[in-house]
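>>> starting from these lines, generate the structure:
(one chain, ligands or ions: 1)
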Amino acid sequence: MDNVKCKNEKKRGLESKHYVEKKRIKTIRTVNNLPKNMRCPCGGGQSCIVDRRWIGDWVHEDNVFLRNNLSLRKNCFAELNLKQHNALHKSMLISSD
Ligand SMILES: [Zn+2]
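Prediction:
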C-alpha cells in the first residue's frame, strides 16, 4: 500500500490545432479496454502491475527490476525469484526515490 505515485501528467504544450489533430491518440488506454486474455489473475486494481503497465502508469517493481537487469513479473501472482525478491527488498530499505 505504499506505492509512490509518480506524477507524470505533463501537459503537452501543443499550440497548433493542426498538430494536435494529427497527433491525437486514437484509443486511450484504460483498464476497461484491457484485453481479457491479458487481465491479471489478481483481478486488477490501482496497484495491479498489469493494469498499471497497460495504462502506462509507473510500476515500482518494474523500475527496480529494470534497474537491476532482472526480468519483469508477468502479473501480480507470478512468483518472485530470489534475485527479484532481493532487489525489491533492497529498494524498500533504501527507498532511493
Ligand atoms: Zn494484478
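>>> so which residues of the chain form helices?
17-23, 49-54, 60-67, 82-94 (DSSP state H).
>>> so which of those comes closest to residue 74?
helix 49-54 (8.1 Å; Cβ to Cβ). The C-beta positions use only the backbone N, C-alpha and C, and glycine is treated the same way.
>>> just the buried residues of the closest one, please?
49-54 (16 or more other Cβ atoms under 10 Å).
>>> so what's residue 67 scoring on pLDDT?
pLDDT, residue 67: 96.
>>> repeat that for residue 44.
For residue 44, the model assigns a pLDDT of 95.
>>> for the protein, what are the low-confidence residue spans?
1-26, 95-97 (pLDDT under 70).
>>> please list the residues of it that sit near the ion.
40, 42, 48, 50, 76 (Cβ under 5 Å from the ion).
>>> could I get the contacting residues of the last one?
So the one you mean is residue 76. With contact set as Cβ atoms under 8 Å, 6 or more residues apart in numbering, residue 76 has these partners: 40-42, 48-50.
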